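K.L.:
My questions concern the predicted model and sequence given below.
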Amino acid sequence: MPTGCECQYGYPMSEVVDLARALVRYDTTNTSDDGATGNERPAAEFVAERLADAGFQPVYLESAPKRGNVVVRLPGADPSRGALLVHGHLDVVPADASEWSVPPFAGEIRDGYLWGRGAIDMKHMVAMALAVARRFKRDNIVPPRDLVFAFVADEEAGGRQGAGWLVEQHRDLFDGVTEAISEVGGFSYTVRDDVRAYLVETAEKGVMWLRLKVRGTPGHGSMLHTDNPVAKLTKALARLESHEFPQVLHPAVRDFLAGVSDLTGVAFDPDDPQAAVARLGSLARMIGATLRDTANTTMLKAGYKANVVPSVAEATVDGRMLPGRERAFERELAEVLGPDVEMDWDMLPPVETTFDGRLVDAMAAAIDAEDPGARLLPYMLSAGTDAKSFQRLGIRHFGFAPLRLPPDLNFTALFHGIDERVPLDGLEFGERVLDRLLRTC
């Protein structure tokens, strides 16, 4: 697809918008929670072709049929410095077209936005990284240190066929990497009037995807039953729904709330962080989820006929725990659910780092150059990213995929939501910030 073309919408399309639109048009839906099915190959081949066009020799690897991953390295001026990894995932969660205002894989541009599944999560960052990598290679720009760009599969199912597989099978591609940037951070939050903060993820909760099972005595649905597994499981899930895990104020959350307090002039009481969270508007649901562990039932399965009590009932629970709470979370779940519930799970660890260093300074300078007076604030992500895999290599991770957003856009609702979209001017802003960062980091 040509870039910088006069598009059908009547104005020149920038390369980053062109790339993002092309990527959204690839249906890279990751359909299973275990990563067993997916098709990132077309998007990965597109990325590899665009990198090759610019002069790179991309490494294309399939962890399984159609599960494409692409990695390139751009040498820097000082090979003794630790390299920076810039990574993004190519897969997306499913989208029910009947719920959307536009076809989710059409890449439609409307009202100043690019619409489609993956526009925010996270093909916008893939497009920004791809555009900057191409420019640096074409223009012979030498960054201060080595840059490794990785475009990976399967993040939406934990990265077994993507980042996790690369770390296990091809860790040599990341030799010398000490720091990384990716989703979810660098986006603006309008605090008041024209005062913006840009959130940088320095921590993210751990993940425990639980498979729960309760066994009982099967029989005819017309008779009395005292050992119905469906009833026992739903009672256990009701207890879990009403349970409140202990509040813990992590340093990243405390520093974010204190920073918002400085910008607004509204006092922050560390003993009552919930009051500060309640003032955050559309961010409240995400930041509020970082005050304590959470466990939400997402799937139920039981029975095979209306007049038969089954022998087994099953549920899936999405558990998220704060750094340092892994074992306590496991114990607390078992206590709440009770002895009748069998628990099995997959776990991905929390991630955390400090908000300091040369890279953070470079982020702040890049944002300030494009949005003078804006301030960077650390925060904790309630979800998880491929940082969980890359931290196994000792890589320090930040969520920084810069976007300047309209103050009335409910950004957090777009993740896995209906009518996912990214503002075109925000996308172009992000590319400029990323370009500045990678020239100076």
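P.N.:
Okay, I see it. Residues are numbered from 1 along each chain as shown.
K.L.:
Any idea how many residues pack against residue 439?
P.N.:
15 (other CB atoms under 10 Å). Bear in mind the C-beta positions are built from the backbone N, C-alpha and C, glycine included.
K.L.:
Quick check: phi and psi on it?
P.N.:
phi -80, psi -20 (degrees, to the nearest 10).
K.L.:
host element of the closest residue to it other than its chain neighbours?
P.N.:
In this structure, residue 439 finds its nearest non-sequential neighbour in residue 143, 6.3 Å apart by CB to CB, 6 or more residues apart in numbering. For residue 143, there is no helix or strand it lies in under DSSP states H and E.
K.L.:
any idea how far residue 137 is from residue 143?
P.N.:
11 Å (CB to CB, to the nearest Å).
K.L.:
who's more crowded, those two?
P.N.:
Using other CB under 10 Å as the criterion, residue 143 and residue 137 rank with residue 143 on top: 20 against 16.
K.L.:
That one against residue 437, yeah?
P.N.:
No - Residue 143 is beyond contact range of residue 437, at 9.7 Å (criterion: CB atoms under 8 Å).
K.L.:
Make sure residue 130 is indeed in a helix.
P.N.:
Yes - when DSSP: H, G, I helix; E, B strand; the rest coil is applied, residue 130 is found to be in a helix.
K.L.:
Just give me the neighbour total for it.
P.N.:
Residues lying near residue 130 (other CB under 10 Å) number 28.
K.L.:
ok, now residue 57?
P.N.:
Quick note: residue 57 (other CB under 10 Å) scores 9 neighbours.
K.L.:
Could you list the low-confidence segments of the chain?
P.N.:
Residues of the chain meeting the criterion pLDDT under 70: 1-12, 35.
K.L.:
Show me it divided up by domain.
P.N.:
15-186+352-370+382-440, 203-348 (automatic domain parsing).
K.L.:
can you give me the strands for the stretch 251-400 of the chain?
P.N.:
294-302, 308-309, 312-321, 342-348, 351-352, 375-381, 396-399 (DSSP state E, counting those that start in this stretch).
K.L.:
any common contacting residues for residue 143 and residue 137?
P.N.:
Taking CB atoms under 8 Å, 6 or more residues apart in numbering as the contact rule, residue 143 and residue 137 both touch residue 74.
K.L.:
Helices of the stretch 201-350 of the chain, residue ranges please.
P.N.:
229-242, 251-264, 273-277, 284-288, 326-337 (DSSP state H, counting those that start in this stretch).
K.L.:
can you put the ones you listed in JSON lines and add mean neighbour count and distance to residue 64?
P.N.:
Supplementary listing: these in JSON lines, determined by neighbours: other CB atoms under 10 Å; distance: least, CB to CB, whole Å:
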{"stretch": "helix 229-242", "mean neighbour count": "17", "distance to residue 64": "33"}
{"stretch": "helix 251-264", "mean neighbour count": "19", "distance to residue 64": "35"}
{"stretch": "helix 273-277", "mean neighbour count": "18", "distance to residue 64": "41"}
{"stretch": "helix 284-288", "mean neighbour count": "18", "distance to residue 64": "32"}
{"stretch": "helix 326-337", "mean neighbour count": "16", "distance to residue 64": "29"}
